[in-house]
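S.K.: build the 3D model from these lines:
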Amino acid sequence: MTEQIAIDTRLRPLEAFRAMRRLMVHPDDTREVFNIFRALRGRSGVKTFLRFAASCSGQAILRERPSLLDALSNRAALRDLPAGSVGRTYLGFMEKENLSAAGLVQASEDWDLEPVPPDLNFFRARMRDAHDLTHTLTGYGRDPLGELCLLAFMYAHTRNFGMAFMVMMSWSKLPKPARTAVKEAWRNGRKAVWFQDQPYETLLWRPLDEVRHDLKIARPSQYLALVG
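M.R.: Residues are numbered from 1 along each chain as shown. Below is the predicted model:
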């Protein structure tokens, strides 16, 4: 399968630095985050996809082609789920932050214009759509520290150096307690079950605490102590 995935995997550090400078000026411009990920992904995306495609769960997902975006966009169905479930908690998070599942789709429209195999394209879209769901699963908010903690957590699951790069570029500006929270997030990410082949659609109805236990997601104590 490796030979069938012929995409540009060169690292582009200058492109990443330029995108980071633009992001510092416009911190809400999610497009620059995607630009950084693209510039520094190297072979991480291909390796992650191949691991996904080799897993039993990933193979089932590729066969069935469920639409995670549709599941996360169906607010009526999410609202009917039990209180404390992953889906209901996710819905509360999205409504509180005034977000929509389609928002990341718009931000990533220029993510990558080169043609890729359909399975890889499907996987990329699925991981993009899962971003706000990972906020819910890990317990990190969308405040600046929460986003950095999530990047540190998810680096263990994606190995996209762009995530580590964004944390490193912010490191010198972080007070010591915030650095401790980011370090904890990195450790928690390493200990958790690999996220990328999770059947997210079937997790939505399950109790959040139960899913966190099964996925070995530790409580983000240091982060919560800072944000309340």
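
S.K.: can you tell me the centre-most residue of the protein?
M.R.: Using CA atoms, centre = their mean, the residue of the chain that lies closest to the mean C-alpha position is residue 131, 3.7 Å off.

S.K.: dump stretch 52-62 to PDB, restricted to CA.
M.R.: Taking Å, rounded to 0.1, in the frame of the first residue of the first chain, the C-alpha atoms of stretch 52-62 are listed here in PDB:
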ATOM      1  CA  PHE A  52      -5.200   3.000  10.700                       C
ATOM      2  CA  ALA A  53      -5.800   0.900   7.500                       C
ATOM      3  CA  ALA A  54      -4.000  -2.100   9.000                       C
ATOM      4  CA  SER A  55      -6.200  -2.100  12.200                       C
ATOM      5  CA  CYS A  56      -9.400  -4.100  12.400                       C
ATOM      6  CA  SER A  57     -11.300  -1.000  13.300                       C
ATOM      7  CA  GLY A  58      -9.800   1.000  10.500                       C
ATOM      8  CA  GLN A  59     -10.500  -1.600   7.900                       C
ATOM      9  CA  ALA A  60     -14.200  -1.700   9.000                       C
ATOM     10  CA  ILE A  61     -14.400   2.100   8.800                       C
ATOM     11  CA  LEU A  62     -12.900   2.100   5.300                       C
END
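
S.K.: heads up, I number from 701, so please use that
M.R.: Let's use 701 as the start, then, which means that last one is stretch 752-762.

S.K.: ok, and for whichever strand or helix holds residue 924, which residues are buried?
M.R.: Assessed by DSSP states H and E, residue 924 sits inside helix 921-927. Buried residues in helix 921-927, counting neighbours by 16 or more other CB atoms under 10 Å, are found at 922-923, 926. Where C-beta positions appear, they are placed from N, C-alpha and C, glycine not excepted.
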